[in-house]
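**Q** Compute the structure for the input listed below.
(one chain, ligands or ions: 1)
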Amino acid sequence: MALCVDEMLASHRTRRSVIVGILNVTPDSFSDGGRFLDPADARARAERLVADGAQAIDIGAESTRPGSRRIGPDEQIRRLREVLPAVCGLGVPVSIDTTQAEVAEFALDAGAQIVNDVSAGRDDPGLLPLVARRGAAVILMHMLGTPKTMQEDPHYEDVVAEVRAFLAARIAAAEDAGVPRDRVVIDPGIGFGKRLAHNLLLLRNIEALCSLGLPVLVGPSRKRFIGEITGEAEPRHRVAGTVAACLAARRGGASVFRVHDVKELAESLAVDAAIATAGDLAKTPT
Ligand code: HH2
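**A** Model (predicted):
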């Protein structure tokens, strides 16, 4: 069923789960780098994601995997130029995964409606004012350090409290820039400057972030912490672990799930929802 951005922004109240399919037009993303650089391949991938049940697509032209190299707005726009209009024509909301206002503006002009900023507005001071001017929605994510350095020695006294305080401060920064609070989605940034235990504590205590009163997105998809538990070194073989992480976060109140493997998550969420409403079904006269 098609979804509009406002439904995503209300998903914490309606308890509707929203699946955001990942499309990386990069040569170096950790799990699908190089596969969708060709515009025709990228378009076909986006169509597949929607057919599999993605209610939105997050498209990125710069990898943020640990140790990754930063690339400038011009190169990001070059990678997006051909594919973005096609993806925006698929009938689902599109979010642009960038920290750069110039790239975000290019994407909004092409029809994107959401800016997914893994720096939560810290990289480019022009990004939040742009979001405000354009009436876009924004995803604000927690990250300790930068993609280049974040996994070197991440340390927290209380990871859940610190991530919550960071997100509260970034929501305030967005509001100061003119972004209405109800246009914001927050994200603990699974894998961004976090050890295994930090990721697990955040997923287990996601309700502490939900208590900020905004939709919470989680992005555990195929990430290394899953491999640390299962022993699976190959990212594309971490699908079951991804689903488990999403279901656990959903129980705590997360409602938006950024994943590569849309069909598997959609089916799992459907079964989970059917079990959750089983009592209601039993009461229905046959
Ligand atoms: N994770 C990645 C990229 N962008 N955005 C949000 N909001 N939350 C996340 O957890 C998140 C994100 C990293 O995953 P991926 O896009 O698959 O890899 P890469 O950064 O190597 O392109």
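
**Q** tally of neighbours for the one residue in the chain that gets nearest to the ligand?
**A** Per Cβ to the nearest ligand atom, Gly219 is where the chain lies closest to the ligand, at 2.3 Å. Using the backbone N, CA and C atoms, a C-beta is placed for each residue, glycine as well. By other Cβ atoms under 10 Å, 28 other residues sit near Gly219.

**Q** Mind pulling up the pLDDT for it?
**A** In this model, Gly219 is scored at 98, pLDDT.

**Q** isn't it right next to Val185, touching?
**A** No - shown here, Gly219 and Val185 do not form a contact pair, counting by Cβ atoms under 8 Å, at 11.3 Å.

**Q** The host helix or strand of Glu75: which residues count as buried?
**A** Assigned by DSSP states H and E, Glu75 belongs to helix 73-80. Buried residues in helix 73-80, counting neighbours by 16 or more other Cβ atoms under 10 Å, are found at Pro73, Gln76, Ile77, Arg79, Leu80.

**Q** same question, stretch 182-189
**A** Arg183, Val184, Val185, Ile186, Asp187, Pro188, Gly189.

**Q** Of those, which are in range of the ligand?
**A** Asp187, Gly189 (Cβ under 6 Å from any ligand atom).

**Q** Return the subset of the buried residues of stretch 182-189 lying in strands.
**A** If you go by DSSP state E, the buried residues of stretch 182-189 have Val184, Val185, Ile186, Asp187 in strands.

**Q** near the ligand, which residues of the stretch 1-150 of the chain?
**A** Residues of the stretch 1-150 of the chain lying near the ligand (Cβ under 6 Å from any ligand atom): 22, 24, 26, 29-31, 60, 63-65, 97, 116, 118, 139, 141.

**Q** Helix, strand, or coil at Ile22?
**A** What DSSP: H, G, I helix; E, B strand; the rest coil gives for Ile22 is strand.

**Q** For it, which non-adjacent residue is closest in space?
**A** Nearest non-adjacent residue to Ile22, counting by Cβ to Cβ, 6 or more residues apart in numbering: His260, 5.0 Å away.

**Q** Can you get me a residue count around that neighbour?
**A** 22.

**Q** quick one: contacts for Val18?
**A** Leu3, Glu7, Met8, Ser11, Gln55, Ala56, Pro215, Ser255, Val256, Phe257 (Cβ atoms under 8 Å, 6 or more residues apart in numbering).

**Q** same thing but 7 Å
**A** Taking Cβ atoms under 7 Å, 6 or more residues apart in numbering, we find Val18 in contact with Leu3, Met8, Ser11, Gln55, Ala56, Ser255, Val256.

**Q** same check, this time on Gly121
**A** Gly121 is in contact with Leu127, Leu128, Leu140, Arg170, Ala173, Ala174, counting by Cβ under 7 Å, 6+ apart.

**Q** Which members of those are the farthest-apart pair?
**A** Leu127 and Arg170 (11.5 Å; Cβ to Cβ).

**Q** center of this structure - which residue?
**A** The residue lying closest to the centre of the chain (Cα atoms, centre = their mean) is Arg258, at 4.2 Å.

**Q** How about it, nearest residue that isn't a chain neighbour?
**A** Per Cβ to Cβ, 6+ apart, closest to Arg258 is Gly219, 3.9 Å.

**Q** how about the one you found, what does it touch?
**A** Asp187, Ile190, Arg258.

**Q** mind checking pLDDT for Arg48?
**A** 97.

**Q** Then Leu130?
**A** On pLDDT, Leu130 comes in at 98.

**Q** and it, what element?
**A** helix 127-134.

**Q** After that helix, which helix or strand is next? Please name it.
**A** Using DSSP H and E, the first helix or strand after helix 127-134 is strand 137-141.

**Q** Next, the angle from that next one to helix 127-134.
**A** 160 degrees (axes from the mean of the first three to the mean of the last three Cα atoms, to 10 degrees).

**Q** sorry, back to before: from the contacts of Gly219, pick the one nearest Val92.
**A** Nearest to Val92 among these, with distances taken as Cβ to Cβ, is Arg258, at 13.6 Å.
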